[in-house]
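Novice: just need the structure, nothing else, for what follows:
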Amino acid sequence: MFVVSIDRDKCDGCGACADACPAGILGMLDDGKADITGEAEECMGCETCVATCPNECYTVTEM
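Specialist: Numbering: from 1, shown residues only. This next block holds a predicted model:
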C-alpha cells in the first residue's frame with residue numbers, strides 16, 4: 001500500500017498532478033489547489049505526481 005501526501009502550502013494550482021495521476025485520485029479543490037479527491041488507497045505508488053509537480057508538493061511512501 002502506498003500513501004501520497006501533498007503540501008498544499010507549496011501548491012500553486014497548476015493542475016499538472018491532477019491531469020497526470022493515472023489512478024485519478026488527485027483533483028483541484030474550489031480554493032484552486034490540488035488535493036486527494038479520490039480514494040487514497042487507490043494510489044499505485046507510481047510517483048507521477050512527484051515527477052510532474054513543479055513545486056515539489058508531493059511525497060509517496062510505501063506502508
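Novice: flag the shaky bits of this protein, pLDDT-wise.
Specialist: Scanning the chain for pLDDT under 70 picks out no residues.
Novice: could you find the closest non-adjacent residue to Cys17?
Specialist: Spatial nearest neighbour of Cys17, excluding adjacent residues (C-beta to C-beta, 6 or more residues apart in numbering): Cys49 at 4.3 Å. All C-beta spots, glycine's among them, are computed from the backbone N, C-alpha and C.
Novice: now do the contacts for the one you found.
Specialist: Val4, Ile6, Cys17, Ala20, Cys21, Leu26, Cys57, Tyr58, Val60 (C-beta atoms under 8 Å, 6 or more residues apart in numbering).
Novice: element containing the last one, please.
Specialist: Meaning Val60. Element membership for Val60 (DSSP states H and E) is strand 58-62.
Novice: put the alpha carbons of that strand into CSV.
Specialist: Coordinates of the C-alpha atoms in strand 58-62 are reproduced here as CSV (Å, rounded to 0.1, in the frame of the first residue of the first chain):
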residue,chain,number,x,y,z
TYR,A,58,4.2,15.5,-3.2
THR,A,59,5.7,12.6,-1.3
VAL,A,60,4.8,9.0,-1.8
THR,A,61,5.6,6.4,0.9
GLU,A,62,5.1,2.7,1.0
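Novice: who does that strand pair up with?
Specialist: Applying DSSP bridges to the sheet, strand 58-62 is found paired with strand 2-6 (antiparallel).
Novice: buried ones in the strand holding Val60?
Specialist: With burial defined by 16 or more other C-beta atoms under 10 Å, the residues of strand 58-62 counted as buried are Tyr58, Val60.
Novice: can you map out the helices along the chain?
Specialist: 16-20, 48-52 (DSSP state H).
Novice: and Gly38, which of these is closest to it?
Specialist: Gly38 lies closest, by C-beta to C-beta, to one member of the helices of the chain: helix 16-20, at 10.0 Å.
Novice: which residues touch the closest one?
Specialist: 6, 26-28, 34, 48-49, 51-54, 57-58.
Novice: nearest to Asp12 among those?
Specialist: Pro54 (7.9 Å).
Novice: my read: the closest one touches Cys14, true?
Specialist: Yes - contact criterion C-beta atoms under 8 Å: Pro54 and Cys14 qualify, at 6.6 Å.
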